[in-house]
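> based on what follows, work out the 3D shape:
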Amino acid sequence: MRILLVEDEEKLARFLVRGLREEGHQLDQCTHGKDARARIAALGYDVIVLDWMLPDDDGLAIVEHMRREGVRTPVLMLTARGETSEKVLGLRSGADDYLTKPFAFEELLARLEALHRRSEGAASEHALGDATLDARRRCLRHGNVEVPLTAREHALLSELFAHAGEVRGRAQLLAEVWGHAFEGDPNILDVYVGYARAKLAKLAEAAGPKARVPSVKAVRGVGFRLALDERKDDEGSAR
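Below is the predicted model:
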């Protein structure tokens, strides 16, 4: 697994870094929320171990921000807070699991492995035509050509690729990508569909004229669908 550890307690952080690396995992470690937010936005991780209380930030606020931005990486919260109400708050804020300090390293490792197995259950790649949506690298890909995506662009395209050819309603897409509690301007969907179209067009341009790259089609009054354009041969018959 590629793991991000966000923990400011120096002794505990050293212990976890050493233990997780000895288990063969790749590990990035930081102590402040500002650094964590930047890493999460820029890099892809399999799981995140996140302390609730940080010197400059609140772990819950980081998780909530991640989910609003469409980042679905599993999060294990670490905290000294052990009240049931606090655990419920952490989970409802978007964390996937919760571990109270002090804890056994073996339990933390088992929980991380379980989170990773569950996330691996979802397809890490979707393909349509000659385009592949790569969840691990958060990009669109054709051969050696890669077009990077933001977390929100990837979340939107994940929904469309997973239901390729189907019409996805505007309300469905807003709920899946921005969350069921989204109360912002629904026109934000049109903005991100525009971004997604631009990234698909960029892939098509880089891949060359023979590559079949899908596009996002608008269905008036309903929503959007991902589909391949019909291609015609020299005699005009559709293929």
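
> for the lowest-mean-pLDDT helix or strand in the chain, packing partners?
Sorting the helices and strands of the chain by mean pLDDT, DSSP states H and E puts helix 84-92 at the bottom, at a mean of 77. Using 3 or more C-beta pairs under 8 Å, 6 or more residues apart in numbering; DSSP states H and E, the elements in contact with helix 84-92 are helix 59-68, strand 75-79, strand 97-100. For glycine as for every other residue, the C-beta is placed from the backbone atoms N, C-alpha and C.

> what angle do it and helix 59-68 make?
Using axes from the mean of the first three to the mean of the last three C-alpha atoms, to 10 degrees, the direction of helix 84-92 lies 30 degrees away from that of helix 59-68.

> which positions in helix 84-92 come out as buried?
Across helix 84-92, burial judged by 16 or more other C-beta atoms under 10 Å covers 86, 87, 89, 90.

> tell me the angle of it relative to strand 75-79?
150 degrees.

> who touches whichever strand or helix holds residue 225?
Secondary structure from DSSP states H and E places residue 225 in strand 223-227. Strand 223-227 has contacts (C-beta atoms under 8 Å, 6 or more residues apart in numbering) with 128, 157, 160-161, 163-170, 172-173, 193, 214-219.

> can you flag the buried ones in the residues you listed?
Buried among the contacts of strand 223-227 by 16+ other C-beta under 10 Å: 128, 157, 160-161, 163-164, 168, 170, 173, 193, 214-217.

> pull the most distant pair out of these.
128 and 170 (21.1 Å; C-beta to C-beta).

> that older thread, restricted to strands, list the buried ones among the contacts of strand 223-227.
Residues from these lying in strands, with DSSP state E as the criterion: 128, 168, 215, 216, 217.

> who's in contact with the last one?
Right, residue 217. Counting by C-beta under 8 Å, 6+ apart, residue 217 touches 224, 225, 226, 227.

> what bridges to the second one?
Residue 225 forms beta bridges with residue 217, as assigned by DSSP bridges.
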